[in-house]
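Participant: Fold the following.
(one chain, ligands or ions: 2)
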Amino acid sequence: MSTDAIVLLKDDHKEIRKLFRDFANAGENAKKTKERLVEKILEALTVHTYIENEVMYPEVRKLLPDVEDDVLESYEEHHVADVLCMELAAMSSKDERFEAKTTVLIESVTHHMDEEEQDWFPKVRAGLGRKQLQELGAKMLEAKKKAPRKPSQPSALKKTVDAVLA
Ligand SMILES: [Fe+2]
Ligand SMILES: [Fe+2]
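Facilitator: Ligands and ions are numbered 1, 2, ... in the order given. This is a model prediction of the structure:
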């Protein structure tokens, strides 16, 4: 089975984009559906952010110093998303700001994933060998097993705190 790091991350992105589309198409009054979708979005983003923060970004930063600036920008974009996720996790669909906050989360994460896919992944693929990408992917699959699934879990909170205080 291929464990190519970029293939794995793109698969995650595809799943996240599908949830975003479902939310956008859910219809004005589908409050319960939207609440369930936001729960799924928060889970998918928490796991995905964790494996990028813990494995992909630090490893690529070490192996390819040229992409340092991209990695730093990505950490900042993750941080903005983390804050929105934390706030959404504490809200229900009855909240006046629920819909607006989800829309801003979707817009900002979509921008971030577009940049990763169009700009960053090609640089990483050009800079790293097949074998290195397979090894990175295998490490991410391992990390996924212990990844937090909710923004409020200690290991997810820790990355938010690190991002603010580091
Ligand atoms: Fe990312
Ligand atoms: Fe990503």
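Participant: Okay, helices next: where are they in this structure?
Facilitator: Listed in chain order, the helices of the chain (DSSP state H) span 5-24, 31-51, 57-63, 68-89, 98-115, 121-127, 130-145, 154-165.
Participant: which stretch in these has the least confidence?
Facilitator: When the helices of the chain are compared on mean pLDDT, helix 154-165 scores lowest, with a mean of 66.
Participant: coming back round to it: so which of the helices of the chain is the most surrounded?
Facilitator: Mean neighbour counts were compared across the helices of the chain using mean count of other CB atoms under 10 Å; the top stretch is helix 31-51, at a mean of 19. For every residue, glycine as well, the C-beta is placed using N, CA and C.
Participant: what angle do that helix and helix 98-115 make?
Facilitator: Orientation of helix 31-51 against helix 98-115 (axes from the mean of the first three to the mean of the last three CA atoms, to 10 degrees) gives an angle of 40 degrees.
Participant: Model confidence score at the residue located most distally from the centre of the chain, please.
Facilitator: In terms of distance from the mean C-alpha position of the chain, N29 ranks first, at 27.6 Å (CA atoms, centre = their mean). N29 carries a pLDDT value of 87.
Participant: Could you report the distance from it to V38?
Facilitator: From N29 over to V38 the distance is 16 Å, taken as CB to CB, to the nearest Å.
Participant: Just read off the phi/psi values of the residue farthest from the centre of the chain.
Facilitator: Taking degrees, to the nearest 10, you get phi -100, psi 10 for the backbone angles of N29.
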